[in-house]
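A.B. asks: return atomic coordinates for the entry below.
(one chain, ligands or ions: 1)
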Amino acid sequence: MSLLSAEGLSVTYGGVTAIRDVDFTIGRGEIVTVVGPNGSGKSTFLRALLGMIPAMAGSVTRAPGLRIGYVPQRLHIDAALPLPVRRFLSLPVRNSAADMARVLKQVGVPDVADQDMAGLSGGQFQRVLLARALLTKPDILVLDEPTQGLDQPGVAAFYRLIEEMRATLGCAVLSVSHDLHVVMSASDRVICLNGHICCEGAPRVVSNAPEYRALFGLGTGGALALYQHDHDHDHDGGAHGHAHAHDPDTRDDAPQQNARA
Ligand SMILES: Nc1ncnc2c1ncn2[C@@H]1O[C@H](COP(=O)(O)OP(=O)(O)OP(=O)(O)O)[C@@H](O)[C@H]1O
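C.D. replies: Coordinates of the predicted model:
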């Protein structure tokens, strides 16, 4: 069943079309990632889906009672204003200390509750944002470039965390990302957006699509092949809550296949 869907979604800013005629759906436990060049409408798409900006045309449908955890692209916190993590996690809704401790542990920063938000490292900050989104016990996590500013190991670790959240909480994950390599290994489905949907599907399909290669360069397909990891998810099975089916050329014992095995 679809958790969140859109049909013919179009958004304009002052008469200029940012996205047009976008059809979309995401189901329970799916990880879907939107990629596209700067200014291609990715954030606009997410914000329209969440009802934060009005659609010029089309419709958005949410499953009844859908709980959404949103991690915005940017969150500016004034360094001059002391804001301990535990206070930040109780904005705007007050949460119990136990709930806060639980989510901070889940995202791998159990000891930061009394630290100031401005003093966190980039990776810790992103994890605290994710913890805040988890406090809503979301059916779907919506992440707008959640790994901006993180180094490569930080990016990979963050996406591993997202996949763990999906496996343990069963939530769907919709994210926007520029980390093409990680996206291709960590998503069930990729949507390539450039004002409209250029192509979409399994990572392998998208990375071979001419529209994708035209946007991101022909060389990308070869590099991505190293990271491709076909998911054939059975969310109830396997040590991580899902089973993996591997193509013969991306077996676990293949030398390059170590990024997300
Ligand atoms: N509030 C706004 N007012 C006017 N134009 C806007 C507004 N927000 C976005 N736009 C324009 O809409 C287009 C899509 O912007 P959007 O931020 O959705 O792209 P994006 O793919 O998320 O970009 P990036 O990868 O750089 O974050 C751009 O041309 C942008 O200038």
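A.B. asks: buried set for stretch 205-220?
C.D. replies: Using 16 or more other Cβ atoms under 10 Å as the test for burial, stretch 205-220 gives 206-209, 212-213, 215-216, 220. (C-beta placed from N, C-alpha, C; glycine too.)
A.B. asks: quick one, helices of this protein?
C.D. replies: With helices called from DSSP state H, the chain shows them at 42-49, 85-88, 97-106, 122-134, 152-169, 180-186, 203-208, 210-216, 219-225.
A.B. asks: of all these, which lies closest to the ligand?
C.D. replies: helix 42-49 (3.3 Å; Cβ to the nearest ligand atom).
A.B. asks: let me see the mean pLDDT of the closest one.
C.D. replies: For helix 42-49, mean pLDDT is 95.
A.B. asks: same question, stretch 188-200
C.D. replies: For stretch 188-200, the per-residue pLDDT averages 94.
A.B. asks: that stretch and the ligand in contact?
C.D. replies: No - counting by Cβ under 6 Å from any ligand atom, the ligand has no neighbours in stretch 188-200; the shortest distance is 7.0 Å.
A.B. asks: when you give positions from now on, start the count at 5
C.D. replies: With 5 as the first residue, the last one maps to stretch 192-204.
A.B. asks: picking up where we left off before, redo the helices of the chain as TSV? Include distance to the ligand.
C.D. replies: Below are those laid out as TSV (distance: least, Cβ to the nearest ligand atom, whole Å):
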stretch	distance to the ligand
helix 46-53	3
helix 89-92	24
helix 101-110	27
helix 126-138	16
helix 156-173	16
helix 184-190	12
helix 207-212	16
helix 214-220	12
helix 223-229	16
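A.B. asks: can you tell me which of the buried residues of stretch 209-224 is nearest Gly18?
C.D. replies: Leu219 (25.4 Å; Cβ to Cβ).
A.B. asks: contacting residues around that closest one?
C.D. replies: 40-41, 196, 198, 202 (Cβ atoms under 8 Å, 6 or more residues apart in numbering).
A.B. asks: swap in 7 Å and give it another go.
C.D. replies: 41, 196, 198, 202 (Cβ atoms under 7 Å, 6 or more residues apart in numbering).
A.B. asks: now do Ser181
C.D. replies: 37, 39, 149, 151, 187.
A.B. asks: next one: it relative to the ligand, how far apart?
C.D. replies: Counting by Cβ to the nearest ligand atom, to the nearest Å, the gap from Ser181 to the ligand is 10 Å.
A.B. asks: please apply the same query to Ala10.
C.D. replies: Distance, Ala10 to the ligand, by Cβ to the nearest ligand atom: 15 Å.
A.B. asks: tell me who's in contact with that residue.
C.D. replies: Ala10 is in contact with 26-28, 53, 62-64, counting by Cβ under 7 Å, 6+ apart.
A.B. asks: that older thread, the ligand: which of the contacts of Leu219 is nearest?
C.D. replies: For these, the nearest to the ligand is Pro41 (6.8 Å; Cβ to the nearest ligand atom).
A.B. asks: chain neighbours aside, what residue packs nearest to that closest one?
C.D. replies: Nearest residue to Pro41 in three dimensions, chain neighbours excluded: Leu219, at 6.0 Å (Cβ to Cβ, 6 or more residues apart in numbering).
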